[in-house]
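# A predicted structure for the sequence below; I have some questions about it.
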Amino acid sequence: MAEESRGVREAESRAWEALVATARRTVADGLVVGTSGNVSVRVGDTVLVTPSGVPYDRLTPHDVTGVDLTGRQVLGTLVPTSELPMHLAVYRTTDAGAVVHTHAVHATAVSTLVTELPAVHYMSGTLGGPVRVAPYATYGTEELAENMLRALADRSGCLLQNHGTITYGAGLDQAYDRTAQLEWMCRLWLTASAVPGLTPSLLTPEQLAAAGEKLRGYGRRR
């Protein structure tokens, strides 16, 4: 039992280190300002999550913060992110191994304009299809989590109206890559839409479906 417990602690320690690195990357890449986003990763039945109001560059291995799937804190003394309801909702309803939430500028701008990101690029297929916008609700509420889940149906990412983005993946790298890709697509659509007198061409549902099918095997070993 002692050896098993030590193995769990080591896994949590490695996951926390990767989580902090990912959180810092969201700041470095301009996807959040200060502590406005949050990141989580699942280790067994424990969800490690960035704490509320603590700059990511100040987080240390001793600041590990974790909850169980009911939201009960099981690791650390720092207060978990206020967006914990969204993270837990994803873990309870999907096979997600990690979740990334940002306030990326272009994605947030798009969330104020449309109810679905127009299909300007086939990389929408990496998120399961056209990216929906979850209706606005106050941050940190169960209402926002419920709105998000509806927008995430058969998707691995969505926009949050007047708020930002949320994506999930098998691990932190995939969840982060999906966030970055979503922000890029939003920037692409805004850029194309800004050309006077022209309207961006959009992909058909059939074209998106075909691209999505092909992307499922992208980057894998033969």
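Yes, it's here. A quick note: this is a predicted structure, and the numbers were derived from the prediction, not measured.
# So, low pLDDT: which residues of this structure?
Applying pLDDT under 70 to the chain picks out residues 1-8, 217-222.
# Buried residues in the strand or helix carrying residue 176, which are they?
Assignment of secondary structure by DSSP states H and E places residue 176 within helix 172-193. Judged by neighbour count using 16 or more other Cβ atoms under 10 Å, the buried positions of helix 172-193 are 172, 174-176, 178-183, 185-190, 192. The C-beta positions use only the backbone N, C-alpha and C, and glycine is treated the same way.
# Please apply the same query to stretch 204-215.
Applying 16+ other Cβ under 10 Å to stretch 204-215 flags 208, 211, 212 as buried.
# Need the CA coordinates for it. PDB is fine.
Taking Å, rounded to 0.1, in the frame of the first residue of the first chain, the C-alpha atoms of stretch 204-215 are listed here in PDB:
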ATOM      1  CA  THR A 204     -19.700  22.900 -46.300                       C
ATOM      2  CA  PRO A 205     -20.800  20.400 -43.600                       C
ATOM      3  CA  GLU A 206     -19.600  17.600 -46.000                       C
ATOM      4  CA  GLN A 207     -16.200  19.200 -46.400                       C
ATOM      5  CA  LEU A 208     -15.800  19.600 -42.700                       C
ATOM      6  CA  ALA A 209     -16.800  16.000 -42.100                       C
ATOM      7  CA  ALA A 210     -14.400  14.700 -44.600                       C
ATOM      8  CA  ALA A 211     -11.600  16.800 -43.100                       C
ATOM      9  CA  GLY A 212     -12.500  15.700 -39.600                       C
ATOM     10  CA  GLU A 213     -12.300  12.000 -40.600                       C
ATOM     11  CA  LYS A 214      -8.900  12.500 -42.100                       C
ATOM     12  CA  LEU A 215      -7.600  14.500 -39.100                       C
END
